[in-house]
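> What follows is a predicted protein model with its sequence.
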Amino acid sequence: MPAKEMAMGNKDLVEQFLKQVRSGIKPDDAQVFMADTVLAHQMNAENQTTVSRTPNEYADHIREFLEMFGKFTFEITELIASENKVYARWIQKGKHEAEVDGYLPTGKDLIEIASCVYRLENDKIVEYWIQIDRFGFESQLKNNQNS
């Protein structure tokens, strides 16, 4: 039973991290949930990369989202825990408020669908693997520029 209890604690921790930090509500609380250094694996078929981030760098990353998308909504659509890993899927909805990937701001709706697996140690996120529907996102950017 200890593994199940640990997974439930990890699930709750990731849920609070997503609701408070990733949502853009309290980016500076990243330090509460993240280890001093976190490995962020960008799972792109053409070029997988790993970025090392501190909680402060992650908070800056979230502030960049707020600049690009304005005050966006963030909905967790799936959350599954197994031992020291937690899978999350979400939908983020905002407006195109700043240049994104070379596309000038349009003020039009932008939706991001993403999923991530978080690995935790000692009640802190130490590593994650993220996948984003980049094709769907870029399609929106193109369509918004042309309409």
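Yes, it's here.
> now the strand or helix carrying Leu79: mean pLDDT?
For Leu79, the host element (DSSP states H and E) is strand 73-82. Across strand 73-82, the average pLDDT comes to 98.
> List the buried residues for it?
74, 81 (16 or more other Cβ atoms under 10 Å). Where you see a C-beta, it was placed from the backbone N, CA and C, and this is true even at glycine.
> Same question for stretch 44-63.
Applying 16+ other Cβ under 10 Å to stretch 44-63 flags 53, 55, 58-59, 62 as buried.
> Among the residues you listed, which lie within strands?
Counting by DSSP state E, the part of the buried residues of stretch 44-63 found in strands is Arg53.
> For burial, what's the neighbour tally of the nearest residue to Phe74 once chain neighbours are set aside?
In space, and not counting its chain neighbours, Phe74 is closest to Ser23: 3.9 Å by Cβ to Cβ, 6 or more residues apart in numbering. Neighbourhood size, Ser23 [other Cβ atoms under 10 Å]: 20.
> thinking again about what came up before, what residues does the strand holding Leu79 touch?
7-8, 10-11, 14-15, 18-19, 22-24, 86-94, 115 (Cβ atoms under 8 Å, 6 or more residues apart in numbering).
> Give the other helices and strands that the host helix or strand of Leu141 contacts.
Element membership for Leu141, per DSSP H and E: helix 134-146. Helix 134-146 sits against strand 109-121, with contacts defined as 3 or more Cβ pairs under 8 Å, 6 or more residues apart in numbering; DSSP states H and E.
> Nice, that's everything, thank you.
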